[in-house]
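Participant: Model the following, please.
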Amino acid sequence: MSFIDRLVAAFKGETARVPLARGAASPWFFAEGPGGRAPFEYSGAVRRAYLENPVAQRAVRLVAEGISEAPLLPTDPALLALIRETSAGQALLETLAAHLLLHGNAYVQVLKDARGKPVELFALRPERVSVIAGTDGWPSAYGYAVAGRQLTIPVLDEDASPNLIHVRHFHPVDDHYGAGCLAAADEAVAIHNAAAEWNRQLLENAARPSGALVYDADDGATLTPDQFDRLKDELTRAFAGSGNAGRPMLLEGGLKWQAMAMSPADMDFAELKAAAARDIALAFGVPPMLLGLPGDSTYANYREANRALWRLTLLPLSAKILAALCEGLSPWFPEANLAIDLDRVPALAEDRERLWAQVSGANFLDDDEKRAMLGLPDRDRREGNKP
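Facilitator: From the prediction side, this is the model:
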C-alpha cells in the first residue's frame, strides 16, 4: 500500500488488516515427526516425478500445454502480446501452469521500460522465491536466491505498480504459500518408480525368483569365511545378470540349491504400478484414460474423458492464472479481460452445440435474450450502433 493509499484509508477510517503468520519453514518442506512420513524436498521430488516418472510428466504436460494452447477471447492487443510472447524460451502460461501443479506457487516478474510500462513477463522458478513479510506479516517484498546471490524485489515500485505477481493454490495452514499437487502425489510416484525398478531387476535375472544355497554337511561343519566369500563372488560373477540367465550351476559336495517361490500376488507388479499411476493422475486432475492406463473404465470414451479434463482441471486452473495476471496488470490495462474462448475449444463443442439447440428452441425468449444467454453481444453493439 502506497503512502497516498494509507492516507486515504486513514481519513476513511478503513479497518486495519489482521496480521499474518510468518513461519520460517517453507510449506513444501515438512515432516510428520519421528516414524512418520519422510520430509518432502521439492527439488528431489521434481526429479523423481517429472524427470523420471512418465505418468507424472505426461499428466503435468497435458495440463500445462493444454492451458498454453487454449484460445483466448479478444482483448487489448498489447496485453495479448505480453501473455503470448516467450521470455528466455519459456511460454508464460505453460510455465505458470506447471509451477502451480508441481510447487503450488507461481511468480511472474513484470519487467518495465524507462517509462514504467510492462514490456516482458518472466516466470520465476518458485523454489528460489521466498516471501519477505513486513511487521504485520503481510508480504512487503520477495527474495530471489540463485547461485549464492540474494535479490530483493519490492512488491510495488515508486508509482505503486506491481513488480511481481504471485499466483498460488489454496493452502489451509499457510498464509504466504500455496500447496502443490506434487506433494500429494509424491508417495504414489515413489511406489510407481519402485515397482518399475523391481521389475527391471527381475528382468535382468530372467524374471526368476531368487533362492538359497544350502550347505548340508554330514558332520555338521559350516563354511569357513574364505569359502563363503569365494562362493558369493563366484555367484555374482558367473550367474547374476540377464546375460547369465539359464546358465547351469555346478555345485560342489554338500551344496544344494533351494528355490524360493513367490506368490502370484507378489508377482502382480503390473497392477501395483497401475494403481499408483491412477493415484498420480488423480493428484494432477487428469483422467487416467487420457494417460493410457489399463483397466480404467471411469469414463465411457476418450471424448468424455477429454471433456472432463477441460471442465474439472484446465478451465479452473486457467481461470486462476488469467485472473491473477489481469489483476496484476490492471494499472496498465484497467478495462482488459483475460478468459478462454469456450466457443473455440474443440473438446467443449458438443456442450456448446447442446446449449445452442436449447436456447434456439426457447420460443419464449427474444433474440436479444438468446444472445445474452449465449454470451454474445446484442445486435446494436455488434453493428456498432448505440442503443
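Participant: Just the pLDDT at the most centrally placed residue in the chain, thanks.
Facilitator: Taking Cα atoms, centre = their mean, the centroid of the chain lies closest to Leu101, which sits 2.3 Å from it. Reported pLDDT at Leu101 in the predicted model: 93.
Participant: What strand or helix carries it?
Facilitator: Leu101 is part of helix 92-102 when elements are defined by DSSP states H and E.
Participant: All the helices of the stretch 201-350 of the chain, residue numbers only.
Facilitator: According to DSSP state H, counting those that start in this stretch, the stretch 201-350 of the chain carries its helices in the segments 225-239, 264-267, 269-284, 302-309, 315-328, 349-360.
Participant: Adding distance to Ala114 and mean neighbour count, write the ones you listed out as CSV.
Facilitator: For glycine as for every other residue, the C-beta is placed from the backbone atoms N, C-alpha and C. Output for these, formatted as CSV (distance: least, Cβ to Cβ, whole Å; neighbours: other Cβ atoms under 10 Å):
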stretch, distance to Ala114, mean neighbour count
helix 225-239, 69, 11
helix 264-267, 68, 9
helix 269-284, 42, 20
helix 302-309, 44, 17
helix 315-328, 21, 18
helix 349-360, 45, 12
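Participant: Could I get these in JSON lines, plus columns for mean pLDDT and distance to Gln150?
Facilitator: Listed next are these as JSON lines, based on pLDDT from 0 to 100; distance: least, Cβ to Cβ, whole Å:
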{"stretch": "helix 225-239", "mean pLDDT": "68", "distance to Gln150": "50"}
{"stretch": "helix 264-267", "mean pLDDT": "54", "distance to Gln150": "51"}
{"stretch": "helix 269-284", "mean pLDDT": "84", "distance to Gln150": "32"}
{"stretch": "helix 302-309", "mean pLDDT": "86", "distance to Gln150": "40"}
{"stretch": "helix 315-328", "mean pLDDT": "93", "distance to Gln150": "23"}
{"stretch": "helix 349-360", "mean pLDDT": "77", "distance to Gln150": "49"}
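Participant: Nearest to Arg58, out of those?
Facilitator: helix 269-284 (9.0 Å; Cβ to Cβ).
Participant: For this structure, name the helix or strand with the lowest mean pLDDT.
Facilitator: Within the chain, no helix or strand scores below helix 3-12, which has a mean of 52 by mean pLDDT, DSSP states H and E.
Participant: Show me the strands in the stretch 51-200 of the chain, by range?
Facilitator: Applying DSSP state E, counting those that start in this stretch to the stretch 51-200 of the chain gives strands spanning 105-112, 118-124, 129-133, 139-146, 149-154, 164-168.
Participant: Now the ones you listed in a markdown table, please, with extra columns for mean neighbour count, mean pLDDT and distance to Leu315.
Facilitator: Below are the strands of the stretch 51-200 of the chain laid out as a markdown table (neighbours: other Cβ atoms under 10 Å; pLDDT from 0 to 100; distance: least, Cβ to Cβ, whole Å):
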| stretch | mean neighbour count | mean pLDDT | distance to Leu315 |
| --- | --- | --- | --- |
| strand 105-112 | 22 | 92 | 17 |
| strand 118-124 | 18 | 92 | 21 |
| strand 129-133 | 19 | 88 | 27 |
| strand 139-146 | 15 | 89 | 28 |
| strand 149-154 | 12 | 89 | 31 |
| strand 164-168 | 22 | 93 | 16 |
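Participant: Can you give me the buried ones in stretch 62-81?
Facilitator: By neighbour count on 16 or more other Cβ atoms under 10 Å, the buried set for stretch 62-81 is Leu62, Val63, Ala64, Gly66, Ile67, Ser68, Ala70, Leu72, Thr75, Asp76, Leu79.
Participant: my bad, stretch 85-104
Facilitator: 87, 91-104.
Participant: what's the first-to-last distance across it?
Facilitator: From its first residue to its last, stretch 85-104 covers 23 Å (Cα to Cα, to the nearest Å).
Participant: How far does that stretch sit from its chain's centre?
Facilitator: Relative to its chain's centre, stretch 85-104 lies at 11 Å (Cα atoms, centre = their mean, to the nearest Å).
Participant: What of stretch 149-161?
Facilitator: 28 Å.
Participant: again, but for stretch 139-151
Facilitator: For stretch 139-151 - counting by Cα atoms, centre = their mean - the centre lies 23 Å from the chain centre.
Participant: Ok, stretch 52-65 next?
Facilitator: Centroid separation for stretch 52-65 versus its chain: 8 Å, with Cα atoms, centre = their mean.
Participant: One more: stretch 79-97?
Facilitator: On Cα atoms, centre = their mean, the centre of stretch 79-97 falls 17 Å from that of its chain.
Participant: what mean pLDDT does that stretch have?
Facilitator: On average, stretch 79-97 scores 90.
Participant: Pull up the distance across it, start to finish.
Facilitator: Taking Cα to Cα, stretch 79-97 runs 19 Å from one end to the other.
Participant: Please report how far Glu85 lies from Ile321.
Facilitator: Going from Glu85 to Ile321 by Cβ to Cβ, to the nearest Å gives 16 Å.
Participant: what do you get for Arg125?
Facilitator: Arg125 sits 17 Å away from Ile321, going by Cβ to Cβ.
Participant: same question, Asn301
Facilitator: 29 Å.
Participant: re the thing from before, surely the residue nearest to the centre of the chain and Ala64 touch.
Facilitator: Yes: here Leu101 reaches Ala64: they are 7.0 Å apart, a contact under Cβ atoms under 8 Å.
Participant: before we move on, the earlier item: which two among the buried residues of stretch 62-81 are spaced furthest apart?
Facilitator: Among these, the pair separated by the greatest distance (Cβ to Cβ) is Leu62 and Asp76, at 29.7 Å.
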